[in-house]
Each structure stands twice: as C-alpha cells, then as structure tokens.
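A.B. asks: Predicted model and sequence follow; I will ask about them next.
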Amino acid sequence: MVSYVFFLIILFVIAGGLISALMLVFYNQIIQKEESVNNALAEVKNFYQRKLDLIQGIIEELETYTGYEKETLEQIVGARTTAIEKLNKLGSSDEQNISAELTESDKKLSSTLGNLLSVVVQYPELKAGSNFIMLQEQLEISENQIAQARSVYNDEVRIFNSYIQSFPQVCVAFILDTKPRNYFEQESEKS
C-alpha cells in the first residue's frame, strides 16, 4: 500500500512538472507572438507617421506660393492633425475603434490631399518644382509601404489569434487574460 501511494505521488509530481513545463513553453510562445503583433503595429504607425511628415512637407512647399487656396490648405492641415491624433492613440486598449477612426481620418486626409493635388495643375511652377515632385513620389511610395505594413500586421494578428485560440494554448491564454487582436481593415483606394 505504501509503495502504491508513493507511486501516485511520484506520478503526480511528474505530471505536474510536465504540465508546468508545457505552460511555460506556451506562455513564452504567446509572448513572442504578441510581440510580433506589436512590432508589426509599430511598423504601421511608423509608415503612417512618415506619410504625415511628407504631407507636412507638401503643405510647407505650397505655403511658399502666394495666392494659393487657403481654404484647401487649412482643410488638409486639419485632416493631418486629426490623423496624427488617431495615430498616437493606436495601440491603446480600444484598438478596434481607434483603428477604424484612423482609417476614416486617413481616408479624409487622402481625399483632401487629392483635391489639393488636383488644384496644383493651376500652378505650373509648383508642379514643375523638383522638391514638390520628390515629395509626391515619396508620398506614393509611403502609401505602398503602409499597405504592405498593414498586410504584415494582419498576418501577424492571424498567427497570434489562431495560436491563442488553439488547444491547449487557449488554457494559458485564458489564465493570462490574453484576448485576440483585431485586424487592421482598410478599403483599397488609390488617389
């Protein structure tokens, strides 16, 4: 009888050790995958910030031309400010709403920028300026980088969400109160 109890104790200790080891492995993998998502989100934010900086350069370039439509310029400055505010909030606890708000403000900013660039044709000296042309090209590159960064982010979110919702990782995720992350949705648009 004593050897039977001793055997059960050893069995429980071994089982507990294996379960603890597995939980540590799953914990580490959840943390690594979550950090990959955070890194991808930081890349999205970096490319958005670059776009906003380029737009600031365009605004400064346009301000040097007197007689330029002040109302259009003010609209783009306002849209840029709103986008910066949303960008700074991205990554907060209410990530899905902030992501949607950033998408909406980016859409408004792109629309306003499109209107702005369509008026540029009235200013041939501006349109031909090398600095302005470079800023436009960089802005287009920035848009492509944002799209790629969003795609990478969504891939990382898919990997993370499927991992934490799989068994037995879901048990560790539940203990850690780890929630699935939201995708970054954006309608494809070209200005």
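C.D. replies: Perfect, I can see it now.

A.B. asks: mind checking the SS state of Asn182?
C.D. replies: Following DSSP: H, G, I helix; E, B strand; the rest coil, the label given to Asn182 is coil.

A.B. asks: Check what pLDDT it gets.
C.D. replies: pLDDT, Asn182: 85.

A.B. asks: what's the weakest-modelled helix or strand in this protein?
C.D. replies: Lowest by mean pLDDT, DSSP states H and E among the helices and strands of the chain is helix 124-127, with a mean of 62.

A.B. asks: longest helix anywhere in this protein?
C.D. replies: helix 2-63 (DSSP state H).

A.B. asks: list the helices and strands it packs on?
C.D. replies: In terms of contacts (3 or more CB pairs under 8 Å, 6 or more residues apart in numbering; DSSP states H and E), helix 2-63 is packed against helix 70-89, helix 95-119, helix 130-164, helix 169-176. The way it works is simple: take the backbone N, C-alpha and C, and place the C-beta from them, glycine included.

A.B. asks: And the last one, what's buried?
C.D. replies: By neighbour count, with 16 or more other CB atoms under 10 Å as the criterion, the buried positions of helix 169-176 are Gln169, Val172, Ala173.

A.B. asks: contacts for it?
C.D. replies: Helix 169-176 is contacted by residues Met23, Phe26, Tyr27, Gln29, Ile30, Tyr163, Ile164, Gln165 when judged by CB atoms under 8 Å, 6 or more residues apart in numbering.

A.B. asks: Could you check how far the nearest residue to the second one once chain neighbours are set aside is from Tyr163?
C.D. replies: Of all residues not flanking Phe26 in the chain, Val172 sits nearest, at 4.2 Å (CB to CB, 6 or more residues apart in numbering). The span separating Val172 from Tyr163 equals 10 Å under the rule CB to CB, to the nearest Å.

A.B. asks: where do the contact lists of these two overlap?
C.D. replies: Joint contacts of Val172 and Tyr163 (CB under 8 Å, 6+ apart) are Ile30.

A.B. asks: Need the phi and psi values for Asn182.
C.D. replies: phi -90, psi 150 (degrees, to the nearest 10).

A.B. asks: still on that earlier bit, between the helices and strands packed on helix 2-63, which one is closest to Glu35.
C.D. replies: With CB to CB as the measure, helix 130-164 is the member of the helices and strands packed on helix 2-63 nearest Glu35 (9.6 Å).

A.B. asks: buried stuff in that closest one?
C.D. replies: 132, 135-136, 138-139, 142-143, 145-146, 149-150, 152-154, 156-157, 160-161, 163-164.

A.B. asks: now it, how far from the centre of its chain.
C.D. replies: 9 Å (CA atoms, centre = their mean, to the nearest Å).
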